[in-house]
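Undergrad: Sequence plus the predicted model coming up.
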Amino acid sequence: MIGLNTKQVKHLMTDFKRYAFVLLAVSVFLYIGMLIPAKGGQPGDIQEYTMMGTTALFLIGAFYCFKRSLDYKKQLDEQDQA
């Protein structure tokens, strides 16, 4: 990330961390929704696969955002040492 100052890197780090927590919370909410039976009965196979796939995508997105946040933290530490 050439051309970013310390303040911008810190904002990016906190933004990606917030994105990760939101994605993690939504994925947990969807997973709990899969465990608790609905009022109308059991969900169909397509609904189950869709919800589990969405949960997996949100978890992958959360891990990606955590990784980006850690990368920005490393960059921030390197800028502080320089």
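TA: Great, that's in hand.
Undergrad: Ser27 versus Tyr49, what's the distance?
TA: 15 Å (CB to CB, to the nearest Å). All C-beta atoms are positioned from the backbone trio N, CA, C, and that covers glycine.
Undergrad: what about those two, which has more around it?
TA: Neighbours were counted for Tyr49 and for Ser27 using other CB atoms under 10 Å; Ser27 has more, 19 against 11.
Undergrad: ok, now which ones touch the more buried one?
TA: Applying CB atoms under 8 Å, 6 or more residues apart in numbering to Ser27 gives the contacts 54-55, 58-59, 62.
Undergrad: Among those residues, find me the one that's closest to Pro37.
TA: The shortest gap between Pro37 and any of the contacts of Ser27 belongs to Thr55, at 16.9 Å (CB to CB).
Undergrad: I figured that closest one hits Gly33, correct?
TA: No - using CB atoms under 8 Å, Thr55 is not in contact with Gly33, being 9.0 Å away.
Undergrad: Tell me which of those two has more neighbours.
TA: Using other CB under 10 Å as the criterion, Thr55 and Gly33 rank with Thr55 on top: 19 against 12.
Undergrad: Can you check the pLDDT for that one?
TA: pLDDT, Thr55: 95.
Undergrad: measure it to Thr14 for me?
TA: The gap separating Thr55 from Thr14 is 25 Å, by CB to CB.
Undergrad: what's the answer for Val28, then?
TA: Note on Val28: its distance to Thr14, by CB to CB, is 21 Å.
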